[in-house]
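In: Sequence unavailable; structure follows:
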DNA sequence: CAGGATCGTCGATACGCATCGACGATCACG
DNA sequence: CGTGATCGTCGATGCGTATCGACGATCCTG
């Protein structure tokens, strides 16, 4: 295993110190402060000088030292992202979410510092005192989230994904689960369902304090009532067994008129279990789901589904964050609309559809 | 929406500047440099003085300014993590992987900067020139990875997860897919299988350059030959349809002696498809899988499986990284052993088992 | 008890950038 | 042609920490 081979000619550029703004100034024949003003645009610079400096920057492939910039300029160009605790069920959406956060940050020449939820509220205090971030995004905030109190104390712009009990003075954003529920109930009601059976979230989620569950549930119930449809909510675990029990409980044993089915997670288990019973969504009954578009299209029968659009939430959260960073933005609750996409799992009804 | 309410008494601690090491020095009655030496331990300090300083630090809840430390000390206490492109299939393992990286970093008082693969090799050059990281971990490196050339040029310790074509002078770590294949083939052979059918990775993965596939495949073939077992490799997409086609092709239509089944992804599709045919792993045939432990246990019949142990790979990678940071560590390829866990999906055979 | 060695602490400096005040040059206008 | 005003650039300073050389105090040795 050969390392540090002195005869290796393939190591030309190593150990060469990175160029500084002073180097750029020397090459361009201007002062260091002029280089700084060219980069920040905070003072007028003549076109000729600007060109000289930009050429020098390109020639040296200069990039400002992040630490020096943070020290002198009081900003880091880094956004903290507090990830949720690992959870296999929702992993897909979370990755997409985080990736979009990073993409949006890079679009504005910022970076993302990854914070873990298990470090807890102290992570916020730490990154503030050490001046590591200009702002923080906290994912998957629950009703009684211990991180919220710290978020309020900390002298950093914070965006919360999710809705805590007391959101006074906080910037919260979430999917509009109320309208998502309405869209799903309407879709089944429009398909002439007189009864809707919902495979809700597992009890653990509810217990954990994920308040989008009661929001979704209340909205679905209200909409169903308004449409004159009976709604039956079953909170089963999203395992194969839980799904089987759900279907046993709600399907018509005579094979007659099945209720419209609405599942909020792992639709593939529902699809597989139905298939095993010889039932095909879109042919024998109606099935709608709350899931990502990718998930809906991965099913044997592509699902009519409402997507929570994780990338939209991320993008909106980051847009808001940068508004906060330059100037003020109101502390409020923003709900990102959910979007229904019709696919093949609901039987087409001509009437009632524009 | 009320913000910046001047009458709000709940904003006492805001806009108070963070304490500096000079503040600590004043409170402790020593000089600033003494504070620094207490924190770094790079010079002997008397127990009495150390106590004074530590008390002052605690009293002020002082934390060093990251930018200033980076500027003066030439290290950032930040590790870059280049995440793979979003991929729904493997999302579960990836989140666990990244989380463990963060945990290991925090254990050593470091943080993790999230870099995205779609920014590509330039991200490496950027974080180096800006001095944002002390080292970088690159996930999911493939055979002809464009990031590898940059990784070699860059003057930063780099750990690659995965094996590129030319790994001369590089620090690479990966799961030992060779021994994983052997464990799985052995398990089926020990259960008296005379024939093994493998549901391999989808073609796209192979095309993308994931070289663990040929490594796994060659090793499985060699072991099967050594054990006198016929091996049939089928590279089907891991959709429900792909799995059905796989089973149609390899199962004995007469319902007689089925081959031993080995799947390397999404075992739940295989389990569901088998169940639909009235076949139960561990009763009617033998099924083993390469997947995470969580996935294996989530199946209706808990699967005998080899786990790629993402947390072990992360932990080992980070241990190596910190060895690299203080002192040298050899540039080599490290393979993390895979671990077989016997569950219920293989029919027990007394003979040949210790 | 004198001598040097060791221990513990301090003051000064440098790190690379942003920002402020100052100042020469250019221009418009009377 | 003189006088402000504006424009463009420069020099100097400070951000908070790590580190180096220096130096008084203490210890051990002969």
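Out: Thanks, I have it. As the structure is a prediction and not an experimental result, all values here were calculated from the model.
In: in the sheet, who's paired with residue A:199?
Out: Going by DSSP bridges, residue A:199 is paired in beta bridges with residue A:234, residue A:263.
In: What does the pLDDT read for it?
Out: With respect to pLDDT, residue A:199 has a value of 94.
In: pretty sure it is touching residue A:234, no?
Out: Yes. With contact defined as C-beta atoms under 8 Å, residue A:199 reaches residue A:234; the gap is 5.9 Å. (Glycine included, C-beta is placed from N, CA and C.)
In: Those two: who's more crowded?
Out: Per other C-beta atoms under 10 Å in any protein chain shown, whichever of residue A:199 and residue A:234 has more neighbours is residue A:199, with 29 against 14.
In: Going by secondary structure, the residue nearest in space to the middle of chain A is in what exactly?
Out: The centroid of chain A falls nearest to residue A:97 when counting by C-alpha atoms, centre = their mean (3.5 Å). According to DSSP states H and E, residue A:97 maps onto helix A:91-107.
In: for residue A:248, same thing?
Out: helix A:240-250.
In: any residue of that helix up close to chain B?
Out: Yes. Between helix A:240-250 and chain B, judged by C-beta under 8 Å from any C-beta of the partner chain, the touching residues are A:240, A:241.
In: and that helix, average pLDDT?
Out: Here the average pLDDT along helix A:240-250 is 88.
In: now stretch A:78-91
Out: pLDDT averaged over stretch A:78-91 gives 80.
In: now do stretch A:310-328
Out: For stretch A:310-328, the per-residue pLDDT averages 93.
In: again with stretch A:38-56
Out: 94.
In: is it up against DNA strand C anywhere?
Out: Yes. Under the criterion of C-beta under 7 Å from any atom of the strand, DNA strand C is reached by stretch A:38-56 at A:39, A:40, A:42.
In: Looking at the residues you listed, which is nearest residue B:167?
Out: Each of the residues of stretch A:38-56 next to DNA strand C was scored against residue B:167 by C-beta to C-beta, and residue A:39 proved nearest at 38.2 Å.
In: what's around that closest one, how many residues?
Out: 17.
In: got it, and residue A:211?
Out: 20.
In: anything in contact with each of residue A:199 and residue A:234?
Out: Residues touching both residue A:199 and residue A:234 (C-beta atoms under 8 Å, 6 or more residues apart in numbering or on different chains): residue A:246.
In: hey, where'd the strands end up in the stretch 151-300 of chain A?
Out: Assignment of strands within the stretch 151-300 of chain A using DSSP state E, counting those that start in this stretch yields the ranges A:158-162, A:171-175, A:195-199, A:230-234, A:260-263, A:287-290.
In: elements contacting the fifth one?
Out: Secondary structure elements in contact with strand A:260-263, counted by 3 or more C-beta pairs under 8 Å, 6 or more residues apart in numbering or on different chains; DSSP states H and E, are helix A:177-190, strand A:195-199, strand A:287-290.
In: Quickly compare those and say which is most buried.
Out: Comparing the helices and strands packed on strand A:260-263 by mean neighbour count (mean count of other C-beta atoms under 10 Å in any protein chain shown), strand A:287-290 comes out on top with a mean of 28.
In: What mean pLDDT does it get?
Out: Mean predicted confidence for strand A:287-290 is 95.
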